[in-house]
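Novice: Just to be clear, the model below is a prediction. Sequence and coordinates:
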Amino acid sequence: MKLVIALIVLVLGSLLFHVLSPWWFTPLASNWDTVDTTIDITLYITGVVFVAVNLFMAYAVYRYRHRPAQKAHYEPENKRLETWLTAITAVGVAAMLAPGLVVWADFTQVPEGADEIEVLGEQWQWSYRFPGEDGKLGEVATRYVAPDNPFGMSPGDPAGADDILVRSNELHLPVDRPVKMLLRSKDVLHDFAVPQFRVKMDMLPGSVTYAWFTPTRTGSFDVLCMELCGIAHYAMRGRVIVDTEEDFKAWLGGQTTWAEQRARPAADPAAGERQYATCVACHGPEGRGNLQMNAPAIAGMEAWYLERQLRYYRQGVRGAHEGDTFGAQMAAMAGTIASDSALRNLAAYVASLPAADSEPTLDGDPRRGAGHFNTCGACHGARGQGNHALQAPRLAGQQDWYLKRQLKYFREGIRGAHQADNYGHQMTMMARTLQNEQSIDDLLSYVNTL
């Protein structure tokens, strides 16, 4: 009887959980309501089978329970029963598969006139490319990928000159216009998914897959990677902002084209040296930092990383949180940089300064810290040397007191919480894997050995 009761409770509990559960589909925001219908059909068919099978098991256990005076009847075959079970199973499987095949047929047929947008996935971020005025996307290839050409744009293809490049996890789309997403991966398997749109598709290195949908309401929707793509897979997130036509055109007009990016003059370290006179008071003439001024070492840091942080300070992405008093000072100084070219010149000069090892200030256990660094090394490199492909700066040689403060800021949401800080979001999640202050000291004591 205990087993019979357990089976009945399992069925009733499952039905109650289905009816009362707050976890269900996110509200639909695209044309793919047929996906919901297909899932509903599958759920109800399997639900009926689940209830029927478990209740039959409960009945059979009770009806044919052991009794001393009753002898079991041996019947190895029953063709009539087997025929009925095979037929019912075939009908149930067909009822589940047929709607999916119909939806898939629609999913592969992109409507004429749909906008084409390329989605580029890489560990652990999203980027997007729109065709320019010619309506065509230019050629891309892996062999062209470089720090100044992350999309791999072909320099010899004139069709790509007006392509609009969005190096951000935030994608804007107009409402009520069908869009075909051309999906491309730069490194490993990814999967582009927007739950509210009921759309997901694998992204394969060396291939271009696609998916299409029509956004049906304005708003902000999550972009997720639904393929295990590495240690920070869960941090590979983005947003789709569905705008009105006017708002979308205004946003798209503010993005830069491939031709505009190529036309930027090379950074001039000599001009940057003159601008560095403002930075000397805190960071020192050789950029080695000053603990008394709470100014970290910046000499030898990657120019691309310095550029990004200076832009973040100017835009309020960094230094705007009330808990970041030192960041607020830096934001004020970054605001004095007159232009983007001046910012790049300054970053180029600082990057040209020779880096120097810093003096340890923490008393941690490097051996325990080496275990923590396994996670950090996936992005920052096994020797803390940094990795531009993953947008991870160099850690080796940086002062431990500064790194400790930044980890604290990430853990407490003082840094990395701003909506536009795509890489900070990832660091926030990674920093919170450190259990306590001692684990941070151990980690940074190991970094000091690199």
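Specialist: Thanks, I have the structure now.
Novice: any weak-confidence spans in this protein?
Specialist: The chain contains no residues with pLDDT under 70.
Novice: Domains in it, by residue range?
Specialist: 2-65+80-107, 115-263, 265-353, 357-450 (automatic domain parsing).
Novice: Could I get the full set of helices for the stretch 101-250 of the chain?
Specialist: 245-253 (DSSP state H, counting those that start in this stretch).
Novice: so where's the longest helix in this protein?
Specialist: Under DSSP state H, the helix in the chain containing the largest number of residues is helix 33-63.
Novice: Tell me which residues of it come out buried.
Specialist: 35, 38, 54, 58 (16 or more other C-beta atoms under 10 Å). Placement of C-beta: from N, CA and C, glycine included.
Novice: ok, back up a step: can you check which of the domains of the chain gets nearest to residue 74?
Specialist: domain 2-65+80-107 (12.9 Å; C-beta to C-beta).
Novice: Show me how far stretch 35-51 is from its chain's centre.
Specialist: For stretch 35-51, the separation from the chain centroid amounts to 31 Å (computed by C-alpha atoms, centre = their mean, to the nearest Å).
Novice: got it, and stretch 205-220?
Specialist: Distance, stretch centre to chain centre, for stretch 205-220: 15 Å (C-alpha atoms, centre = their mean).
Novice: which residue packs closest to residue 283, ignoring adjacent ones?
Specialist: Once flanking residues are discounted, residue 283 sits nearest to residue 295: 4.8 Å by C-beta to C-beta, 6 or more residues apart in numbering.
Novice: what about that neighbour, neighbour count?
Specialist: By other C-beta atoms under 10 Å, the residues close to residue 295 number 21.
Novice: which residues does it bridge with?
Specialist: In this entry, residue 295 is beta-bridged to residue 290, by DSSP bridges.
Novice: quick one, what contacts it?
Specialist: By C-beta atoms under 8 Å, 6 or more residues apart in numbering, the contact set of residue 295 is 282-284, 289.
Novice: With residue 245 instead?
Specialist: By C-beta under 8 Å, 6+ apart, the residues touching residue 245 are 174-175, 177.
Novice: so can I have TSV of the residues you listed showing distance to residue 375 and neighbour count?
Specialist: Below are these laid out as TSV (distance: C-beta to C-beta, whole Å; neighbours: other C-beta atoms under 10 Å):
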residue	distance to residue 375	neighbour count
174	40	19
175	40	17
177	41	14
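Novice: Looking at those, spot the one nearest residue 386.
Specialist: Using C-beta to C-beta, these come closest to residue 386 at residue 174, 38.2 Å.
Novice: Tell me how far residue 182 lies from residue 131.
Specialist: Separation of residue 182 from residue 131 (C-beta to C-beta, to the nearest Å) stands at 10 Å.
Novice: can you list residues touching both of those two?
Specialist: Common neighbours of residue 182 and residue 131 (C-beta under 8 Å, 6+ apart) are 116, 137.
Novice: Relative to its centre, which residue of the protein is most distant?
Specialist: In the chain, the greatest distance from the average C-alpha position (C-alpha atoms, centre = their mean) is reached by residue 69, at 66.1 Å.
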